[in-house]
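Enquirer: Everything below, folded, please.
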Amino acid sequence: MFLFRGHETHSRSIVKAASWRALGSIDTFVLSFIFSGNAKIAASIAGTEVITKIALYYFHERAWSLVHWGFKPETLPPEMAAAADDELEHAPT
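Expert: Numbering: from 1, shown residues only. Below you'll find the predicted structure:
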């Protein structure tokens, strides 16, 4: 499956997803509390969205790790640079 290849490890993607989600959940809690004035409702909203957004972020990151567009060639790892060169050679003109 295309989401399981890329230039970073699965564990790195998972840790990035969890740390980003923790920050996002704090933000969601604060905003929910501001709008509702109720800490229980805010915690319920923040707690519910944690699981789905970790999964969405993980798959989003894995998909983007396969996209060569937007990288400067000198910043690509060697295996990605070779794949990017192949894509350019076979691109329609």
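Enquirer: Only C-alpha atoms from now on, for both contacts and neighbour counts.
Expert: Noted.
Enquirer: Return the distance of the residue positioned nearest the centre of the chain relative to residue 67.
Expert: With distances taken as Cα atoms, centre = their mean, the chain has residue 61 as the residue nearest its mean C-alpha position (3.2 Å). Between residue 61 and residue 67 the distance is 10 Å, computed by Cα to Cα, to the nearest Å.
Enquirer: cool, and residue 35?
Expert: From residue 35 across to residue 67, the span is 38 Å (Cα to Cα).
Enquirer: got it, and residue 44?
Expert: As it turns out, when the distance is counted by Cα to Cα, residue 44 lies 36 Å from residue 67.
Enquirer: Going by residue numbers, what spans are helices in the chain?
Expert: Counting by DSSP state H, the chain forms helices over residues 10-36, 39-64, 78-89, given from the N-terminal end onward.
Enquirer: helices and strands around the first one, which ones?
Expert: What it means is helix 10-36. Contacting helix 10-36 under the criterion 3 or more Cα pairs under 8 Å, 6 or more residues apart in numbering; DSSP states H and E are the following elements: helix 39-64.
Enquirer: Quick one: find the helix or strand in the protein with the lowest mean pLDDT.
Expert: Among the helices and strands of the chain, helix 78-89 carries the lowest confidence by mean pLDDT, DSSP states H and E, at a mean of 65.
Enquirer: Low-confidence stretches in this structure?
Expert: Across the chain, the ranges flagged by pLDDT under 70 are 1-6, 73-77, 79-93.
Enquirer: who's in contact with stretch 46-53?
Expert: Counting by Cα atoms under 8 Å, 6 or more residues apart in numbering, the neighbours of stretch 46-53 from elsewhere in the structure are 21-22, 25-26, 28-29, 32.
Enquirer: Test my guess that residue 54 contacts residue 15.
Expert: No: with the criterion set as Cα atoms under 8 Å, residue 54 and residue 15 do not qualify as a contacting pair; they are 9.8 Å apart.
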